[in-house]
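A.B. asks: got a structure for you, letters missing:
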């Protein structure tokens, strides 16, 4: 039988389906935690397939341990930064991943983060949770922020692939009328996206712009570009300094796209700015400003059951 190593206990239906296949011998890491590296190296020997997760580094060492029998590596993730793709290609090993499985899940989280950041949900919950609501002085501007559901709101997307389009579809009921986006390949002129206007008839303007214009014009910026060195710190000092004073930055994608240090400086010099992210931003960023500090989740966008 063909040996398949599984580095994490997946959902019970998934494991049951694997075990029901009589042609393969499943070698499973049983504990509900990251697989021990030595266990991976020793049990990969002679495997035809590896089923891994983001916490497993698939490098030359692991590929050497598996040996020439290895034909495929499948990762239970959309991203594959933890996999030595050139190494797989050189050895003729196929790579399996899940490119579209989280499109709706991340788009849902993007809207949630935008609302949390703009309406100061975290701060309001903390006031109530800590028993301070009765003693909190009321003022006309208490916990106020920019309103997403406003025809005058300009939405900006850094990256405009599947998830950005799914996020836009969720924003349409909020009565937005203007969308700007930028992506790695600039379109031919004119920059107006007539196809997008046809797809979403309530939009009055939809067009590709450069990063600088997107920063200056957007009330909400959604960072949904692919990860990697090409987009590292794409949202940096220059971009942040061009943003509107009360703009909201939402990053439900790859954390490396946003420069945390530059964001920290921007918040101190641009007091109204708020942010929400499904990524670890760091304690130095989370605690910057009491009323408009970043709302950070710890990679929960993928936490949906199929």
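C.D. replies: Nice, thanks for sending it over. The structure displayed is predicted, hence computed values, not measured ones.

A.B. asks: for residue 117, helix, strand, or coil?
C.D. replies: Under the three-state scheme (DSSP: H, G, I helix; E, B strand; the rest coil), residue 117 adopts helix.

A.B. asks: correct me, but it touches residue 248?
C.D. replies: Yes: under the criterion of Cβ atoms under 8 Å, residue 117 makes contact with residue 248 at 5.0 Å. No exception for glycine: its C-beta is placed from N, CA and C like everyone else's.

A.B. asks: quick one: low-confidence parts of the protein?
C.D. replies: The model of the chain has pLDDT under 70 over residues 188-190, 227-233, 253-306.

A.B. asks: what number of residues lie near residue 3?
C.D. replies: A count of nearby residues for residue 3, using other Cβ atoms under 10 Å, gives 19.

A.B. asks: Please disregard the earlier target; I meant residue 141.
C.D. replies: 7.

A.B. asks: Residue 165 now?
C.D. replies: Residues within reach of residue 165, counting by other Cβ under 10 Å, total 17.

A.B. asks: secondary structure element for it?
C.D. replies: Secondary-structure assignment from DSSP states H and E places residue 165 in helix 162-171.

A.B. asks: So what angle separates the directions of the next helix-or-strand element following that helix and helix 162-171?
C.D. replies: Heading C-terminal from helix 162-171, the first helix or strand you meet, by DSSP H and E, is strand 178-182. Angle, strand 178-182 to helix 162-171, by axes from the mean of the first three to the mean of the last three Cα atoms, to 10 degrees: 170 degrees.

A.B. asks: Give the partner strands of strand 178-182 in its sheet and their orientations.
C.D. replies: Here strand 178-182 is paired, per DSSP bridges, with strand 154-158 (parallel), strand 205-208 (parallel).

A.B. asks: Quickly compare those and say which is most buried.
C.D. replies: Of all the strands paired with strand 178-182, strand 154-158 carries the top mean neighbour count, a mean of 25, counting by mean count of other Cβ atoms under 10 Å.

A.B. asks: Any chance you could list what contacts it?
C.D. replies: Strand 154-158 is contacted by residues 164, 167-168, 171, 176, 178-182, 211, 214-215, 217-225, 234-235, 257 when judged by Cβ atoms under 8 Å, 6 or more residues apart in numbering.

A.B. asks: What subset of those is buried?
C.D. replies: Buried by 16 or more other Cβ atoms under 10 Å: 164, 167-168, 171, 176, 178-182, 211, 214-215, 217-225, 234-235, 257, out of those.

A.B. asks: how about the strands paired with strand 178-182 in JSON lines, adding distance to residue 128?
C.D. replies: Compiled in JSON lines, the strands paired with strand 178-182 are given as follows (distance: least, Cβ to Cβ, whole Å):
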{"stretch": "strand 154-158", "distance to residue 128": "30"}
{"stretch": "strand 205-208", "distance to residue 128": "39"}
